[in-house]
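# Kindly generate the corresponding structure for this input.
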Amino acid sequence: MSSASSSLGILLLRVVLGVVFVVHGWQKLAVDGLAATQGAFGGMGIPFAEVAAPVAAVTELAAGVALVVGFATRVAAALLAVTAVVALVAVHLPNGFLSTTGGIEYVLVLAVASVAIVLTGPGRLALDAVVVRGRRARRETPASEPVPA
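The predicted structure is shown next:
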């Protein structure tokens with residue numbers, strides 16, 4: 001597989017996964033509302049629902065946006081993986097595998113996709129990659145030569 005197709009594949013995974021988490025975070029904050037989300041978390045038996053709900057919502061929203069643009073990608077993906085694993089264990093595991101019964105199927109895919117991004121990094125088509133290329137260019141440019149614009 002070429003480097004270009006690998007970068008495109010990672011970009012597609014990152015953007016779609018990021019959008020899914022953004023929508024979930026937005027739903028918790030703005031659509032259902034934080035009070036309803038806290039109530040739902042409490043009803044599912046999640047400890048400290050008053051804290052867990054806003055943490056999950058803000059993490060999904062902010063880290064999802066970070067994935068879409070490729071900023072702090074590995075950190076964002078790691079936070080989302082933890083969020084997904086907590087949901088998997090705390091909510092979905094007792095319901096079996098299939099998502100149609102509230103099982104782990106869907107949230108497992110989200111967790112594993114997040115871990116895949118942690119392991120692969122953001123790819124070349126990400127803000128992180130632009131920052132890294134800029135740092136390399138500055139290091140490689142001798143002090144006596146002006147940095148090209």
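# And for the helix or strand encompassing residue 75, what's in contact with it?
Counting by DSSP states H and E, the secondary-structure element that holds residue 75 is helix 73-87. Contacting residues not belonging to helix 73-87 are listed as 14, 17, 21, 56, 59-60, 62-64, 66-67, 107-108, 110-111, 114-115, 117-118, 121-122, 126, 128 [CB atoms under 8 Å, 6 or more residues apart in numbering]. Backbone N, C-alpha and C define where each C-beta goes, glycine included.
# Which stretches in this protein count as helices?
Chain-ordered helices for the chain, with DSSP state H as the definition, fall at 3-26, 34-43, 49-69, 73-87, 105-120, 127-140.
# lowest-confidence stretch among those?
Ranked by mean pLDDT, the helices of the chain bottom out at helix 127-140, with a mean of 77.
# Next, the angle from the helix holding residue 75 to helix 49-69.
For helix 73-87 against helix 49-69, the angle by axes from the mean of the first three to the mean of the last three CA atoms, to 10 degrees is 140 degrees.
# How far away from the center of its chain is stretch 102-109?
Counting by CA atoms, centre = their mean, to the nearest Å, stretch 102-109 is centred 16 Å from the centre of its parent chain.
# and it, C-alpha only, in PDB?
The C-alpha trace of stretch 102-109 is given here as PDB (Å, rounded to 0.1, in the frame of the first residue of the first chain):
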ATOM      1  CA  GLY A 102     -27.800  -2.800  23.500                       C
ATOM      2  CA  GLY A 103     -24.700  -5.000  23.400                       C
ATOM      3  CA  ILE A 104     -21.000  -4.200  22.800                       C
ATOM      4  CA  GLU A 105     -20.900  -4.400  19.000                       C
ATOM      5  CA  TYR A 106     -21.000  -0.700  18.200                       C
ATOM      6  CA  VAL A 107     -19.000   0.700  21.100                       C
ATOM      7  CA  LEU A 108     -16.400  -2.000  20.500                       C
ATOM      8  CA  VAL A 109     -15.800  -0.800  17.000                       C
END
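# Out of the helices of the chain, which gets nearest to residue 97?
Each of the helices of the chain has some distance to residue 97 by CB to CB; the shortest is helix 105-120, at 5.6 Å.
# which parts of the helix holding residue 75 are buried?
Within helix 73-87, the residues that count as buried by 16 or more other CB atoms under 10 Å are 73, 76, 77, 78, 79, 80, 81, 83, 84, 85, 86, 87.
# Can you give me the distance of the first one to residue 6?
Between residue 73 and residue 6 the distance is 15 Å, computed by CB to CB, to the nearest Å.
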